[in-house]
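*Asks:* Next input, structure requested:
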Amino acid sequence: MKRTLLSALTVLVASTAMTAVACAVEPTSLNVQSTQLEEGDNIMTAATQTTTQPNEGTSIRIQATPGNEQALTDLLSSAAAIVHDTEPGTLQWVAQRESFDTFRIVDFFADENGRTAHFAGQVAAALQQQAPELVQSGWEQGVVANVENSQVLASVVRVADTESQPRLASYIELTAKEGQAENLAEFLTGGAKIVEETEPGTVLWYALRIDENRFAIYDLFVDEDARDAHFGGLVAAALKDSADDLVDGGWEQGVLTNVVHSEVLSITF
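*Replies:* I've put the predicted structure just below:
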């Protein structure tokens, strides 16, 4: 049976959405100011939120060589300002740490030209130069081989400021059940409006299509409370309700086991 997020949420929204919408934070209007914020190892370049629609995404999971975990952390933590200053076609760029030696870079672009410019840019060049020392398997096998491009199905991007600096990230890969790929794509696409209206602590939310049958949800949060609110929210409830129909492995094996939480090291909007 075809399931859309709207149909899955009909009963839930009727009882809770009006209250949630009343306290939701609306995206702030644009201005031309940019600031860089620092706290420990977390660096955020908070720039203007543009009306440019993100259509393309890239995720790269990399592992540090033994003994070089801090060096790779330092490299990634310093990169956001460079991306912000030199890559107008990169709409969002995030470096995050998933475990002691495992990191992920996630970025979003309006089109393929923005992605091409990013991979020809200063940050990519610095990573390529230092990959033989810092990244397990080096540049070709440790970085390039792990590049995973995706199509943006839907997104929520809020202006980040000092109070709403995203510090936590979650990445969930989903595989559609046989014959359910288009239904899962439609379901995920419907999530953006619900997140925007009911989750003020979710700074960034993306529904992504990696290939014909593989999808991902990517989120950024201001703190643990915001992440807990997201996983206890309407979209998560609807996905749980529909997972057995749409997702290979269902809720437990197809969704929960694929949740990867991480710490945001560096970000530019």
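*Asks:* My guess is N113 contacts G89. True?
*Replies:* Yes: counting by C-beta atoms under 8 Å, G89 is a contact partner of N113 at 6.2 Å. (Glycine included, C-beta is placed from N, CA and C.)
*Asks:* Which one of these two is surrounded by more residues?
*Replies:* G89 (16 against 11; other C-beta atoms under 10 Å).
*Asks:* Please tell me I have it right and that one contacts F108.
*Replies:* No: look at G89 against F108 with C-beta under 8 Å: they stay out of range, at 10.3 Å.
*Asks:* ok so G179 is a strand residue?
*Replies:* No: remark: G179 does not belong to a strand; assigned using DSSP: H, G, I helix; E, B strand; the rest coil, it is coil.
*Asks:* show me what contacts the spatially closest residue to A207 that is not a sequence neighbour?
*Replies:* Ranked by C-beta to C-beta, 6 or more residues apart in numbering and with sequence neighbours excluded, the top spatial neighbour of A207 is L188, at 3.8 Å. By C-beta atoms under 8 Å, 6 or more residues apart in numbering, the contact set of L188 is L5, L153, A154, A207, F215, I217.
*Asks:* ok, the residues you listed vs P166, which is closest?
*Replies:* Of all those, P166 sits closest to I217, with 15.3 Å by C-beta to C-beta.
*Asks:* What distance do you get for the closest one to P132?
*Replies:* Per C-beta to C-beta, to the nearest Å, I217 is found 34 Å from P132.
*Asks:* now swap in N146 and tell me
*Replies:* Computed as C-beta to C-beta, the N146 to P132 distance reads 16 Å.
*Asks:* With neighbour numbers in mind, choose between the two.
*Replies:* Between N146 and P132, N146 has the larger neighbour count (other C-beta under 10 Å), namely 16 against 12.
*Asks:* Would you check that the more buried one makes contact with R61?
*Replies:* Yes: counting by C-beta under 8 Å, R61 is a contact partner of N146 at 5.2 Å.
*Asks:* beta partners for the spatially most central residue of the chain?
*Replies:* For the chain, the residue sitting closest to the mean C-alpha position, by C-alpha atoms, centre = their mean, is Y218 at 3.3 Å. Beta-bridge pairing for Y218 (DSSP bridges): Y171, Y206.
*Asks:* Might you report the residue contacts of it?
*Replies:* Contacts of Y218 by C-beta under 8 Å, 6+ apart are G57, S59, V106, A169, S170, Y171, I172, L204, W205, Y206, L208.
*Asks:* would JSON lines of these with distance to P66 and pLDDT be doable?
*Replies:* Shown next, in JSON lines, are the contacts of Y218 (distance: C-beta to C-beta, whole Å; pLDDT from 0 to 100):
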{"residue": "G57", "distance to P66": "30", "pLDDT": "97"}
{"residue": "S59", "distance to P66": "24", "pLDDT": "98"}
{"residue": "V106", "distance to P66": "25", "pLDDT": "98"}
{"residue": "A169", "distance to P66": "24", "pLDDT": "97"}
{"residue": "S170", "distance to P66": "27", "pLDDT": "97"}
{"residue": "Y171", "distance to P66": "24", "pLDDT": "98"}
{"residue": "I172", "distance to P66": "29", "pLDDT": "98"}
{"residue": "L204", "distance to P66": "32", "pLDDT": "94"}
{"residue": "W205", "distance to P66": "35", "pLDDT": "96"}
{"residue": "Y206", "distance to P66": "32", "pLDDT": "97"}
{"residue": "L208", "distance to P66": "32", "pLDDT": "98"}
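*Asks:* Who wins on neighbours among the contacts of L188?
*Replies:* Most surrounded of the contacts of L188: other C-beta under 10 Å gives A207, at 27 neighbours.
*Asks:* quick one on the thing from earlier: so for the residue nearest to A207, what's the pLDDT?
*Replies:* Per-residue confidence at L188 stands at 97 (pLDDT).
*Asks:* May I have the secondary structure class of it?
*Replies:* Per three-state DSSP, L188 ends up helix.
*Asks:* Look up how far A181 lies from it.
*Replies:* In terms of C-beta to C-beta, L188 sits 11 Å off from A181.
*Asks:* can you check Q53 too?
*Replies:* To A181, Q53 is 23 Å away according to C-beta to C-beta.
*Asks:* Repeat that for D245.
*Replies:* When distance is defined by C-beta to C-beta, D245 is 13 Å away from A181.
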